[in-house]
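[1] Build me a structure from this.
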Amino acid sequence: MNRASLQRALAIGFGGALAVFVLLGLVFPGTLAGDFLDILTRESTLSSALRLSVPIAFAALGGIFAEKAGVINIGLEGLLIISAFVGVFATSLLGAGGETLGVSNVWVGFAFAVLASTLLSLLFAVVCIEFRADQIIAGLAIWLIALGLAPFVARVYYGSVNSGSVSSLGTWEIPLLSAIPYVGAVFRSDPSVYFLLVAVPLSWWVLNRTAFGRHVDASGENPRALDTAGVSVRKVRYQGVLLSGVLSGIGGASLSLGLGQFIGTGQTMVNGKGFIAIVAYLFGNYNPIGAFGASLLFAGLEAIQLRLQQVPGYTIPDSLIQTLPFVTVIVVLALVGRTRIPQAAGEYYESGED
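    Prediction:
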C-alpha cells in the first residue's frame, strides 16, 4: 500500500470512528459519548476554543511568514513565553489599574510584550541570516533562553515563578450578534479573538495578493530569482522573521493578559503551544486560513479535555484525558504526511552567489 492509499484509509477510518462516536452520543445521552457530544455543542466550549486558539494561531501565522521567506523559526514557543511574561511584567511596573499618556497600562503592557517578542526574533534573525547559524539550533536556543529568563525574572521581582495578578484585557461584546445562540460566543470574546479574526484573512491577502507576499514566496522557493529581480533576499527574510515576532508577541500577550497573570511553573503557561503552532501551519500547508482551522481544532480539543475532567462518574485518569490534544496532533501528522516545505527554507543565501 502506497503512502496516499494509507493516508486515505486512515482518514476514512478516523472519520468513520468519529461519526459512530457522535451517533452513540445522540442515541445514548448518558454515556461517555453523550457527555462528549454535550460538551462539544456547548456555547462555552466554542468560547473557550476561540480563546485558547489565539496564541497557537498567531504563532502559526508568524511561522508561515518566516518559513515561506526561507527561515525556519522553531523558536515560536520562546517568543510566546517572552511576550506572555513581558506583557504582565510591564503592566505591573506601570501600575495595573492606571494609565500612561491616556492609554490603559494593560494595553501599554501589551505593546511592550509585542516589542519584546519582536526584539527576540530580531536576535534570531541576525544569528541566522548574518552569522549563518543553524536555524533549528538557533530556534531551540531562543526557546531555552525565554524558558529560563522569564521564570527567573519573575522569581526575582515577584518572589515566585508566577506573577501577581494584573487587570485583564476584558471582554468585548457586540450587541445583537452576541445574542445569537451558540455562535454568539464569537461576538462576546476577548479582544484578541477579534484581532485574530482580522489577522487571518489579512495575512492570507498579504501573502496571496501583494507584491510583498510574492517576494516572501520567492525568498523561500527561489531566492536567486528574487535576487536577480533586484529585490534583497536578506531584507525579505528579515521582514518575515520580524513579522513572526510581532504576530507571536500578540499571541503571547493575549495569553497572559487575557488571564491577568503569568504562570511560570513547568513549561510555563505556554506549555507547548508554540510547537503545536508549527504543526498547525504544516497541517494548513502554509495557508493562514488552514492554519487557523488547525489551531481551532487543537484548541477545541483542549477545551473539551478540560471539561471532560469535570464530568463525574468516570474512572479515566485526568492525565490520560490531558493527552487528547497531543494524540490528535500525532494523528493529524499521520494523515497529512509530508507537507512540502519551501525549497530554500533553512538554507543560507548570499546575494550574487552562483
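
[2] Quick check: mean pLDDT of stretch 86-99?
    Across stretch 86-99, pLDDT averages out at 92.

[3] scratch that, stretch 257-265
    For stretch 257-265, the per-residue pLDDT averages 95.

[4] Over to stretch 192-207?
    Here the average pLDDT along stretch 192-207 is 97.

[5] Please report how far the residue nearest in space to the middle of the chain lies from Ala299.
    Central residue of the chain (CA atoms, centre = their mean): Ile56, 1.7 Å from the mean position. According to CB to CB, to the nearest Å, Ile56 stands 6 Å off from Ala299. C-beta: built from backbone N, CA, C; applies to glycine.

[6] What of Ser232?
    On the measure of CB to CB, Ser232 and Ala299 end up 37 Å apart.

[7] These two: which has the busier surroundings?
    Each of Ser232 and Ala299 has its neighbours counted (other CB atoms under 10 Å); Ala299 has more, 24 against 14.

[8] host element of the more buried one?
    Using DSSP states H and E, Ala299 maps to helix 288-308.

[9] which residues are in contact with that helix?
    35-36, 39-40, 42, 45, 48-53, 56-57, 60-61, 64, 196, 200-201, 203-204, 207, 276-277, 279-281, 283-284, 316, 321-322, 324-325, 328-329, 332 (CB atoms under 8 Å, 6 or more residues apart in numbering).

[10] that older thread, now do the buried residues in the strand or helix carrying the residue nearest to the centre of the chain.
    Element membership for Ile56, per DSSP H and E: helix 43-68. By neighbour count with 16 or more other CB atoms under 10 Å, helix 43-68 contains the buried residues 45-68.

[11] so where do the helices sit in the protein?
    Ranges of helices within the chain are 3-27, 32-40, 43-68, 76-94, 105-125, 135-158, 191-209, 211-221, 223-228, 233-259, 273-283, 288-308, 318-321, 324-336, based on DSSP state H.

[12] chain center to the third one, what's the gap?
    Helix 43-68 sits 4 Å away from the centroid of its parent chain (CA atoms, centre = their mean, to the nearest Å).

[13] Return the per-residue confidence for the nearest residue to Ala49 once chain neighbours are set aside.
    Take Ala49 and drop its neighbours on the chain: the residue closest to it by CB to CB, 6 or more residues apart in numbering is Gly300, 3.9 Å away. Note on Gly300: pLDDT of 87.

[14] The residue nearest to the centre of the chain touches Ala280, doesn't it?
    Yes - applying CB atoms under 8 Å, one finds Ile56 in contact with Ala280, separated by 5.9 Å.

[15] which outside residues touch stretch 116-132?
    Contacts of stretch 116-132 with the rest of the structure, by CB under 8 Å, 6+ apart, involve 71, 73, 75, 78-80, 82-83, 86, 133, 135, 138-139, 142, 145-146, 234, 237-238, 241-242, 244-246, 248-249, 252, 348.

[16] Stretch 215-231 too?
    Counting by CB under 8 Å, 6+ apart, 65, 67-70, 207, 233, 236-237, 239-240, 342-345, 349, 351-352 sit against stretch 215-231.

[17] got a list of what the spatially closest residue to Glu347 that is not a sequence neighbour touches?
    Leaving out its chain neighbours, the residue that sits closest to Glu347 by CB to CB, 6+ apart is Gly70, at 6.8 Å. With contacts taken as CB under 8 Å, 6+ apart, Gly70 has the following neighbours: 219-220, 223, 233, 237, 240, 342, 344-347, 349.

[18] repeat that with 6 Å
    219-220, 237, 344-345 (CB atoms under 6 Å, 6 or more residues apart in numbering).

[19] Which of the residues you listed sits closest to Val156?
    Val156 lies nearest to Arg237 out of these, by CB to CB, at 35.3 Å.

[20] Okay, the closest one and Arg224: tell me how far apart.
    14 Å.

[21] ok, the two, which is more surrounded?
    Comparing Arg237 with Arg224 by other CB under 10 Å, the one with more neighbours is Arg237, at 24 against 15.

[22] OK, contacts around the more buried one?
    Here Arg237 is in contact with 69-71, 129, 219 (criterion: CB under 6 Å, 6+ apart).

[23] Ok, Gln343 next?
    Gln343 makes contacts with Glu221, as judged by CB under 6 Å, 6+ apart.

[24] That one and Glu67, how far apart?
    Separation of Gln343 from Glu67 (CB to CB): 12 Å.
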